[in-house]
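# Fold the following and give me the result.
(one chain, ligands or ions: 1)
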Amino acid sequence: MPVSQKMLQFMGRSSWIRKMFEEGARLKAIHGADKVYDFSLGNPNVYPPEIVYEELHRVVQESTPASHGYMPNAGYPWVREKIADFVSKDHNLSDKESLSPDHIVMTCGAAGGLNVVLKSILDPGDEVIVTAPYFVEYGFYIDNHGGVMRQVPTRPDFSLDIEAIENSISPKTKAVLINSPNNPTGRVYSEESLSILGNVLDRKSLQFGKVIYLISDEPYRRIVFDDLKVPSILKMYPHSFVVTSYSKDLCLPGERIGFIAVNPLMENVRDVIDSLILANRILGFVNAPALMQRLVARLQGVSVDPLVYQKKRDKLYNALIEIGYECVKPEGAFYLFPRTPISDDVTFVKMLQEELVLVVPGTGFGCPSHMRIAYCVDDSTIEGSIDGFARAFKRAKAI
Ligand SMILES: Cc1ncc(COP(=O)(O)O)c(C=O)c1O
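Just a heads-up that it's a prediction; the model follows:
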């Protein structure tokens, strides 16, 4: 067998989105791309804000040969300074809590950042608690670094079930990994729940005589609706990392640029940061892309207008509710995660496929009987899909 047993197993587990992608390509070839309503991928369909292109031109014009060279593995110090200042203000950090450039490590997107953090903190067999439904790649990233993923369900409204998290913490727990605004549910965790989670982790760290880290994956932080603000985890718990990127808010997922912010109040913070920097190097990222670092330094606080996605959410959410689907209204990101009208989500997703509507079964996110709809698509795709959603719903209810 040319590939390892483990990769074979992973390829099976990761196949949902790939299967939808392949099915989408097949259906588009038969019916034409405009007749297939593809909600399978979280790839923003909108252009980056205009200022991204203007600044990109400037950055290119100002380039010298040195601009394309290696740099400190953590990234350009002046870029990290700009980001540290912005994050400190954005998270409303006090002087004591504020970040310096040393607390920022530039990464190849949030995915790169998560791998760097996990590489730095995990020993073989260490457990990482994730709240289900969860971003499907987490299991692979945790395994990359010898860890074991432990799934803990969220409540029916997808808010954190702190009691369940607390009950799952054991001497093997090294970290809790959360994602807010959430992919696939769009849930934003409340300040109150994060504060209680911080207290639980403090208590459990004390009980087991070791630090339990909190990793907050936040690439959708700026995509929130109805004037909501995402609370800062850095204010809730000292042993915390924020991992994020410019993939979604600047619509640059292919450019692979993001960062890790390390809580300055973390125990042995300098050692942890040194470990992150080495991990960035030895995982083969070496450093985040130079051009993109210089670009995003100029764009702190710039984001796609969340109203664009809020309008799409409203259009699709209202239509699905009218049809009869049950769905928690998302507060951010660009996903809906409704219940499927029959408990077998895989069968229902196939019924939707027959209507040329492509979504991903909740099973792929550790939450069966649901489906993920990535609505970062043209309005015409949303509008064109509604009849298909309605027909599949009716057929499912008639089973
Ligand atoms: C929850 C979550 N975390 C991390 C990532 C990876 O983001 P990036 O493209 O910045 O690596 C994604 C991408 O879809 C995501 O949805």
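
# where do the helices sit along the chain?
5-13, 15-31, 50-61, 77-90, 109-121, 138-144, 162-168, 191-208, 269-282, 290-297, 306-323, 345-354, 379-397 (DSSP state H).

# Tell me which of those helices lies nearest to residue 103.
helix 77-90 (6.1 Å; C-beta to C-beta). In short, each C-beta sits where N, CA and C put it, glycine included.

# Low-confidence stretches in the stretch 101-250 of the chain?
Scanning the stretch 101-250 of the chain for pLDDT under 70 picks out nothing.

# Which positions in it make contact with the ligand?
109, 110, 111, 135, 179, 183, 217, 219, 245, 247 (C-beta under 6 Å from any ligand atom).

# could you dump the residues you listed to a markdown table with neighbour count?
A markdown table is the format used below for those (neighbours: other C-beta atoms under 10 Å):
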| residue | neighbour count |
| --- | --- |
| 109 | 26 |
| 110 | 28 |
| 111 | 21 |
| 135 | 21 |
| 179 | 26 |
| 183 | 26 |
| 217 | 26 |
| 219 | 25 |
| 245 | 29 |
| 247 | 22 |
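
# Okay, and which of those map to strands?
Members of those lying in strands (criterion: DSSP state E): 179, 217, 245.

# Just give me the closest of those residues to residue 141.
residue 217 (10.0 Å).

# any idea how far the closest one lies from residue 14?
Distance, residue 217 to residue 14, using C-beta to C-beta, to the nearest Å: 18 Å.

# List the contacts of residue 118.
Residue 118 is in contact with 128, 141, 142, 144, 145, 147, 175, 215, counting by C-beta atoms under 8 Å, 6 or more residues apart in numbering.

# can we see that at 6 Å?
Contacts for residue 118 (C-beta atoms under 6 Å, 6 or more residues apart in numbering) come out as 141, 145.

# What's the end-to-end length of stretch 330-347?
End-to-end distance for stretch 330-347: 24 Å, by C-alpha to C-alpha, to the nearest Å.

# do the same with stretch 149-160
17 Å.

# So what pairs up with the closest residue to the ligand within the stretch 201-350 of the chain in the strands?
Nearest residue of the stretch 201-350 of the chain to the ligand: residue 245, at 3.0 Å (C-beta to the nearest ligand atom). Residue 245 forms beta bridges with residue 258, as assigned by DSSP bridges.

# Residue 218 is in contact with residue 244, isn't it?
Yes: counting by C-beta atoms under 6 Å, residue 218 touches residue 244, with 4.5 Å between them.

# chain center to stretch 94-105: distance?
23 Å (C-alpha atoms, centre = their mean, to the nearest Å).

# end to end, how far does it reach?
Across stretch 94-105, first to last residue, C-alpha to C-alpha, it's 21 Å.

# who's in contact with it?
Outside stretch 94-105, the residues touching it (C-beta under 6 Å, 6+ apart) are 74, 77, 80-81, 83-84, 87-88, 259-262, 264, 276.

# Would you mind splitting the chain into its domains for me?
Structural domains assigned to the chain are 5-48+305-397, 50-297, following automatic domain parsing.

# returning to what we had before: right, and the residue of the stretch 201-350 of the chain closest to the ligand touches residue 258 too?
Yes: with contact defined as C-beta under 6 Å, residue 245 reaches residue 258; the gap is 2.9 Å.

# which residues do the two both contact?
With C-beta under 6 Å, 6+ apart, residue 245 and residue 258 have common neighbours 109, 110.

# do you know how far the closest residue to residue 295 other than its chain neighbours is from residue 154?
Once flanking residues are discounted, residue 295 sits nearest to residue 59: 5.3 Å by C-beta to C-beta, 6 or more residues apart in numbering. Per C-beta to C-beta, residue 59 is found 41 Å from residue 154.

# Check residue 134 too.
9 Å.

# Between the two, which is the more surrounded one?
residue 134 (24 against 21; other C-beta atoms under 10 Å).

# can you pull the contacts of the closest residue to the more buried one other than its chain neighbours?
Residue nearest to residue 134 in three dimensions, not counting chain neighbours: residue 366, with 5.6 Å by C-beta to C-beta, 6+ apart. Contacts of residue 366 were listed using C-beta under 6 Å, 6+ apart, and they are 132, 133, 134, 151.

# Do I have it right that the second one meets residue 184?
Yes: shown here, residue 133 and residue 184 form a contact pair, counting by C-beta under 6 Å, at 5.5 Å.

# Wait, residue 300 touches residue 85, no?
No: when contacts are counted by C-beta under 6 Å, residue 300 is not listed as touching residue 85 (7.7 Å).

# how many neighbours does the residue nearest to residue 295 have?
Residue 59 has 19 nearby residues by other C-beta under 10 Å.

# got it, and the one 3 residues further on?
Residue 62 is flanked by 9 other residues according to other C-beta under 10 Å.

# Quick check: phi and psi at it.
phi -90, psi 0 (degrees, to the nearest 10).

# Please tell me how far it sits from residue 255.
18 Å.

# do residue 177 as well
24 Å.

# Same check on residue 131?
For residue 131 relative to residue 255 (C-beta to C-beta), the value is 29 Å.

# what about the two, which has more around it?
Legend: neighbour count by other C-beta under 10 Å for residue 131 and residue 255, higher for residue 131 (28 against 22).

# residues contacting that one?
152, 154, 178.

# what's the answer for residue 358, then?
20, 24, 38, 40.

# mind redoing it with 8 Å?
With contacts defined as C-beta under 8 Å, 6+ apart, residue 358 is in contact with 20, 23, 24, 27, 36, 37, 38, 39, 40, 352.

# So what's the residue count around residue 117?
The burial count for residue 117: 27, using other C-beta under 10 Å.

# hang on, it packs against residue 260?
Yes: look at residue 117 against residue 260 with C-beta atoms under 8 Å: they come within range, at 6.1 Å.
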